[in-house]
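> okay, structure incoming, though there's no sequence with it:
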């Protein structure tokens, strides 16, 4: 078998949080993948890179065994985590020394919003301890921060760059919820509307720039991003706009359909970006809110935003691990 580029494992459905948009929340099939199973698949597939996520992978009882084994197999390791377990200083040091990339899910910028979106009243204080511990061990650019926003958390999401500044993240990836899992049952109540996003997008971008942090946006219609639509990661990684497919061979405990397909709506066809750059609003979004909410992007609008590329790292692309970070 030829060498695979990247393979992904959702190693556990356990998590300290109960995020309102998580595709795992409410799953009746709580399970873990044994370390022996994961490492056997890594030896069989011989990937260049392995992604470990959940649930919360750091809660897996054999996490250290898996992480060590993946690295010894010669694969690069990415771990997506909510970080709360890294309030343990020893685990924070181990992860920093073992993972090539840490995707840290920080879904709110204030204690109140964090408790609201995660259902975890103690989570924000644990996150602060974790950030302090990580800051002592991670290398510059080793961490990517991910924030999946909701209508509740969007107004204060601009607090995230300052909160995470001590770990000097590679970038900040801000994503809309997708209508999967728990979010599909409450999508209309949690997803930010286009007008709400447009009214706060300047503040979000400015907050990232003040901390010297690159910012990208995923799963947003380009018209929601206004003049900052050039930071739409779906333009850089079109595969993200199509969702992701769980490999049942690697993740036999997964029973939910995690494929999310986006398609253009008819009104988008008059938009300057429709055929070349916009991932398009999801069909579920349009079913709930209607096409009148969309904002057509003209050629003049596109020209005004063409210079909006001032990222810290020349040539940087939207960081992605090939699957949505809507967990943890």
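Nice, thanks for sending it over. No experiment lies behind these values; they were computed from the predicted model shown.
> when you work out contacts or count neighbours from here on, use the C-alpha atoms and nothing else.
OK.
> please, where are all the helices along this protein?
For the chain, the helices defined by DSSP state H cover 35-45, 63-72, 89-98, 111-118, 123-135, 160-164, 181-185, 187-190, 194-210, 233-236, 238-241, 283-289, 299-305.
> average pLDDT across the second one?
The predicted model gives helix 63-72 an average pLDDT of 97.
> report all helices and strands that it contacts.
Packing contacts for helix 63-72, counted by 3 or more C-alpha pairs under 8 Å, 6 or more residues apart in numbering; DSSP states H and E, involve helix 35-45, strand 76-81, helix 89-98.
> again with the first one
Using 3+ C-alpha pairs under 8 Å, 6+ apart as the contact test, the elements touching helix 35-45 are helix 63-72.
> which residues touch the helix it packs on?
By C-alpha atoms under 8 Å, 6 or more residues apart in numbering, the surrounding residues in contact with helix 63-72 are 35, 38-39, 42, 50, 57, 76-77, 98-99.
> repeat that for 10 Å
Residues outside helix 63-72 that contact it (C-alpha atoms under 10 Å, 6 or more residues apart in numbering): 11, 34-40, 42-43, 46-47, 49-52, 57-58, 60, 73, 75-79, 91, 94-95, 98-100.
> and those, which are buried?
Neighbour-count burial (16 or more other C-alpha atoms under 10 Å) applied to those gives 11, 35, 38-39, 42, 46-47, 49-52, 57-58, 60, 75-79, 91, 94-95, 98-100.
> least confident secondary structure element in this structure?
helix 238-241 (a mean of 49; mean pLDDT, DSSP states H and E).
> not counting sequence-adjacent ones, nearest residue to residue 140?
Nearest residue to residue 140, sequence neighbours excluded (C-alpha to C-alpha, 6 or more residues apart in numbering): residue 168, at 5.7 Å.
> phi and psi next, for the one you found.
Per-residue torsions, residue 168: phi 50, psi 70 (degrees, to the nearest 10).
> with residue 61 instead?
Dihedral angles for residue 61 - degrees, to the nearest 10 - are phi -60, psi -20.
> quick one, what contacts it?
By C-alpha under 10 Å, 6+ apart, the neighbours of residue 61 are 12, 32, 34-35.
> from residue 37, how far off is it?
14 Å (C-alpha to C-alpha, to the nearest Å).
> so where's the stretch 201-328 of the chain shaky on pLDDT?
Across the stretch 201-328 of the chain, the ranges flagged by pLDDT under 70 are 234-246, 255-267, 269-270, 272-283, 298-328.
> swap in 90 and give it another go.
Across the stretch 201-328 of the chain, the ranges flagged by pLDDT under 90 are 218-328.
> count of residues packed around residue 210?
Close neighbours of residue 210, defined as other C-alpha atoms under 10 Å, add up to 10.
> test my guess that it contacts residue 162.
Yes: contact criterion C-alpha atoms under 10 Å: residue 210 and residue 162 qualify, at 8.4 Å.
> before we move on, the earlier item: possible to save the helices and strands packed on helix 63-72 as TSV with distance to residue 174?
TSV is the format used below for the helices and strands packed on helix 63-72 (distance: least, C-alpha to C-alpha, whole Å):
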stretch	distance to residue 174
helix 35-45	30
strand 76-81	15
helix 89-98	23
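> quick one: closest of those to residue 191.
Between residue 191 and these, the tightest spacing by C-alpha to C-alpha is seen for strand 76-81, at 22.1 Å.
> flag every buried residue along stretch 53-67.
So for stretch 53-67, counting by 16+ other C-alpha under 10 Å, buried means 53-60, 62-64, 66-67.
> closest one of these to residue 133?
Using C-alpha to C-alpha, residue 58 comes nearest to residue 133 of the buried residues of stretch 53-67, at 15.1 Å.
> how far away is the closest one from residue 95?
For residue 58 relative to residue 95 (C-alpha to C-alpha), the value is 9 Å.
> go on, residue 130?
11 Å.
> now do the shared contacts for the two.
Shared contacts of residue 130 and residue 95, counting by C-alpha under 10 Å, 6+ apart, come down to residue 86.
> got any ranges where the stretch 1-150 of the chain has weak pLDDT?
In the stretch 1-150 of the chain, residues with pLDDT under 90: 1-5, 13-14, 21-32, 54-55.
> again, only this time at 80
For the stretch 1-150 of the chain, residues meeting the criterion pLDDT under 80 lie at 1-4, 23-31.
> related to what we said a few turns ago, wait, doesn't the residue nearest to residue 140 sit right on residue 211?
Yes: under the criterion of C-alpha under 10 Å, residue 168 makes contact with residue 211 at 8.6 Å.
> joint contacts of the two?
Here residue 168 and residue 211 share the contacting residues 161-162, scored by C-alpha under 10 Å, 6+ apart.
> alright, that wraps it up for me.
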